[in-house]
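# Take this sequence and fold it.
(one chain, ligands or ions: 2)
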Amino acid sequence: MSQYDTQVAIIGAGPAGLILGHLLSLAGIDNVILESRTRDYVEARVRAGVLEQASVGLLDLVGVADRLKTEGLVHEGIYLQFNQQRHHISFGELVEGAVTIYGQQEVLKDLIGDRVRHEWPLIFGAEVQVIEDVGSAKPTLRYRDKDGDHEVTASFIAACDGTHGIGRSSIPSMRTYNHDYPYSWLGILADAAPATDELIYAYSDRGFALYSMRSPSISRLYLQVPSTEDLTHWSHSQIWEELSLRLASTGFEVTTGEITEVGLTPMRSVVSTPMRHGHLFLAGDSAHVVPPTGAKGLNLALQDALDLGVGIIHAIKGRDYEDLDGYSDRCIARVWQIQRFSNFMTSLMHLNYSADEYQRQLQRADQRGVSISRAEATSLAERYVGRPLDDRARSISKWFV
Ligand code: RFL
Ligand code: PHB
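Ligands and ions are numbered 1, 2, ... in the order given. Sure, this is the predicted structure:
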């Protein structure tokens, strides 16, 4: 077994692991990213698509926002539609913010491309199997790749290894809060020019539908389906038909085209706490999951990684451990705010299969609220766009070498 030492060992080349690696490398801190999948797999995995302003600011801060700035679609609002009645939520007017539509896998391609160019260590096909001694000053992990088994010792281990990673199981007495929704999202990617300038979140008595996009010629759309749904029951023409029915509104037509990808995403919420044990830290989906209705999963993963990166930089470069000590508490507080918002958006927009008439009327009252009350629309807009990158984050660039 080969052995080596680094300052920070990062498990997972998703958004959390890659942005953390970038922050540390820019500050001159040695780190290695270990990813079980291949580069092709990671770069092709279609997931989220909405970047909050802080996420755009962060990608800019680490110098990987060139393509994002030219190809990203800046949206200053969203449409909410309730049974064919469409309402515009204008971020520009209500909170002066915007979001950028840019696929998660494009963010990953940009980060991986830049990392490879700098020759910062990133190993694909490297599955971490054991994490040990996290309570000591020199925790260890073991991974296997095509060349055999390897052992790495580090000052810190960051488990950015997603929902099915091994980081979570290495935190003793972890408490996990779970909620499963009785529906999933059937998502498609299609070679079709979007028929809308901004995203449409549509509630209908047939269920929820979302009209999103990736570029001026690629649409991304979703349908709420029961969580027991079998994808093979849906032909491409049935998918388009159902989307047209749920997104219908006067004078509006969904643009169809060739469907290039179909997938099913279960809707669930998870919060695991604490996000730290000794020298092991969790970031992103390894510690929490939100349903995609608020478009927050990717953004939250980037926020964790930024918070952790700042803490580690202060600890290693400034010999100041206080910031890192507050990491888990800061993240968990933020995560519950986002859980609240994602749950609100999900309950507002989805057909609740088992709701009684009383619960349906409450949902209608909330739908009416965001449509007619500026205060309720402003609250939604503020939480959707998130806050801009704060000074604490920006100040770390002073450590960049
Ligand atoms: P990721 O992206 O899951 O990355 C974790 C990485 O760790 C690797 N890994 C390991 N590597 C080495 N050794 C091990 N033992 C390992 N175990 C795991 C994995 O291969 C993987 O590459 O987590 P991260 O960085 O925390 O990022 C989180 C985001 O990816 C996630 O929150 C969002 O994509 C969630 N999400 C969505 N969010 C949205 O806001 N809008 C969406 O439309 C949306 N769609 C989705 C989604 C998540 C999905 N998943 C996870 C099932 C659609 C899907 C299908
Ligand atoms: C997407 O474009 O994939 C997307 C957009 C908004 C969401 C979720 C997913 O809330």
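# Spell out which parts of the protein neighbour ligand 1.
11-17, 34-37, 42, 47-48, 104, 127-128, 160-162, 165-166, 265, 284-285, 292, 295-298, 301 (CB under 6 Å from any ligand atom). From N, CA and C alone the C-beta is placed, and that goes for glycine too.
# pLDDT weak spots in the stretch 1-150 of the chain?
Residues of the stretch 1-150 of the chain meeting the criterion pLDDT under 70: none.
# can you do 90?
Low-confidence segments of the stretch 1-150 of the chain (pLDDT under 90): 1, 46, 48, 96, 135, 137.
# How many residues are close by the residue in it that ligand 2 sits nearest to?
Per CB to the nearest ligand atom, G49 is where the stretch 1-150 of the chain lies closest to ligand 2, at 3.0 Å. By other CB atoms under 10 Å, the residues close to G49 number 23.
# In this structure it contacts S212, no?
Yes. Taking CB atoms under 8 Å as the definition, G49 is a contact partner of S212 at 5.9 Å.
# Spit out the residues that contact these two alike.
Taking CB atoms under 8 Å, 6 or more residues apart in numbering as the criterion, G49 and S212 both touch 101, 220.
# ok, the residue of the stretch 1-150 of the chain closest to ligand 2 to T6 distance?
Plainly put, G49 is 33 Å away from T6 if you go by CB to CB, to the nearest Å.
# S215 too?
Counting by CB to CB, the gap between S215 and T6 amounts to 38 Å.
# What of L324?
L324 is 17 Å from T6, where distance means CB to CB.
# Mind checking which of those two has more residues around it?
Using other CB under 10 Å as the criterion, L324 and T6 rank with L324 on top: 21 against 16.
# in which helix or strand would I find the more buried one?
Here L324 sits within helix 322-325, counting by DSSP states H and E.
# now that helix, how far from the chain's geometric center?
Helix 322-325 sits 24 Å away from the centroid of its parent chain (CA atoms, centre = their mean, to the nearest Å).
# Okay, and the residue in the stretch 101-250 of the chain that ligand 2 sits nearest to sits in which element?
Proximity of the stretch 101-250 of the chain to ligand 2 (CB to the nearest ligand atom) peaks at S212, 3.3 Å away. Assigned by DSSP H and E, S212 belongs to strand 209-215.
# Using the three-state scheme, assign the residue of the stretch 51-200 of the chain found nearest ligand 1.
Ligand 1 sits closest to G162 of the stretch 51-200 of the chain, with a gap of 2.8 Å, by CB to the nearest ligand atom. Each residue gets one of three states, and G162 gets coil by DSSP: H, G, I helix; E, B strand; the rest coil.
# now the residue of the stretch 1-150 of the chain closest to ligand 2: how far from P216?
Distance, G49 to P216, using CB to CB: 14 Å.
# what does R360 give?
Per CB to CB, R360 is found 38 Å from P216.
# So for those two, which residue has more residues nearby?
Neighbour count, other CB under 10 Å: between R360 and P216, R360 has more, with 13 against 10.
# Name the nearest residue to the more buried one, ignoring sequence neighbours.
Distances taken as CB to CB, 6 or more residues apart in numbering place N352 nearest to R360, at 7.4 Å, with adjacent residues excluded.
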